[in-house]
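# structure for the following, please:
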Amino acid sequence: TADPARHTIRLVLGPKGKPYRSLSELAVSLGERAQQVAFATNGGMFDQAGLPIGYYVESGQRGHTLNRNEGWGNFHLQPNGVFYGTGTQWAVRTAEDFSKSVSKRPQFGTQSGPMLVIAGKLHPKIDDDGPSRKLRNGVGVDKQGRAHFVISDAPISFGQLARYFRDELKTPNALFLDGSVSSLWNPTMGRVDGGPPLGPLIVVEKRNKAEP
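Here you go, the predicted model:
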């Protein structure tokens with residue numbers, strides 16, 4: 001859980017727009033700054049080169065526009081959505097809602113899909129417990145403004161992940177980040193997941209270095 005009172009959030013792709021492709025590459029590149037990291041995870045859909053295929057903003061600089069195209073795969077299971085924020089204000093919105101409601105560019109933003117929870121209800125096209133089982137992760141923001149990042153320890157369905165955000169974490173909106181490549185870097189646990197190449201990365205850092 002990222003708490004605005006204790007943490008900052010930023011999106012990272014890689015030096016000069018070249019993706020790191022792994023959390024271990026990110027960890028090495030940060031050097032001493034790695035001590036500030038509370039945790040990091042994969043941060044949205046990307047192409048074969050690791051570049052974002054949807055809305056992407058890093059440090060206030062837009063790397064990709066909002067993608068509302070029709071297509072196949074999880075990203076295009078409409079509605080998809082955007083996780084974004086500036087300072088201590090973070091949110092998840094559907095891409096359509098984001099387009100209509102957000103006029104000022106945020107400090108960070110990443111588009112992924114599908115949405116898992118929309119205004120307190122499960123995505124209409126997600127089964128309660130469908131047959132597809134994969135390692136999956138997602139993010140939701142609760143009414144207190146905290147961002148909850150969830151990664152499964154075993155293969156699960158979309159429905160299981162969505163219900164966890166809705167019923168346990170009470171997040172009105174939650175967004176699927178990815179499946180199969182889902183990865184976590186948690187320095188406190190000594191965990192740095194490997195696996196298939198990644199794209200955009202979400203980095204949660206401690207405001208106070210003494211924070212756990």
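
# and the gap between the residue nearest the centre of the chain and Ala119?
Centroid-nearest residue in the chain: Gly43, 4.0 Å away (criterion: Cα atoms, centre = their mean). Using Cβ to Cβ, to the nearest Å, Gly43 is found at 23 Å from Ala119. (C-beta placed from N, C-alpha, C; glycine too.)

# what of Gln111?
Distance from Gln111 to Ala119, by Cβ to Cβ: 18 Å.

# so for these two, which residue has more residues nearby?
More crowded of Gln111 and Ala119, by other Cβ atoms under 10 Å: Gln111, with 27 against 9.

# tell me the contacts of that one?
44-45, 52, 54-56, 64, 66-67, 80-82, 95 (Cβ atoms under 8 Å, 6 or more residues apart in numbering).

# Throw those into CSV and include distance to Val204, secondary structure and pLDDT, thanks.
Formatted as CSV, these follow (distance: Cβ to Cβ, whole Å; DSSP: H, G, I helix; E, B strand; the rest coil; pLDDT from 0 to 100):
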residue, distance to Val204, secondary structure, pLDDT
Gly44, 15, coil, 90
Met45, 20, coil, 92
Pro52, 19, strand, 96
Gly54, 21, coil, 96
Tyr55, 20, coil, 97
Tyr56, 17, strand, 98
His64, 22, strand, 96
Leu66, 24, coil, 96
Asn67, 25, coil, 93
Asn80, 22, coil, 94
Gly81, 19, strand, 97
Val82, 18, strand, 98
Ala95, 23, helix, 96
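
# and the furthest pair within those?
For those, the farthest-apart pair by Cβ to Cβ is His64 and Gly81; their separation is 14.8 Å.

# who's more crowded, the two?
For His64 versus Gly81, neighbours defined as other Cβ under 10 Å are more numerous around Gly81 (31 against 19).

# what about the closest residue to Asp47 other than its chain neighbours, distance to Thr41?
Distances taken as Cβ to Cβ, 6 or more residues apart in numbering put Ile53 closest to Asp47, at 5.5 Å, once the chain neighbours are dropped. Remark: distance between Ile53 and Thr41 (Cβ to Cβ) = 18 Å.
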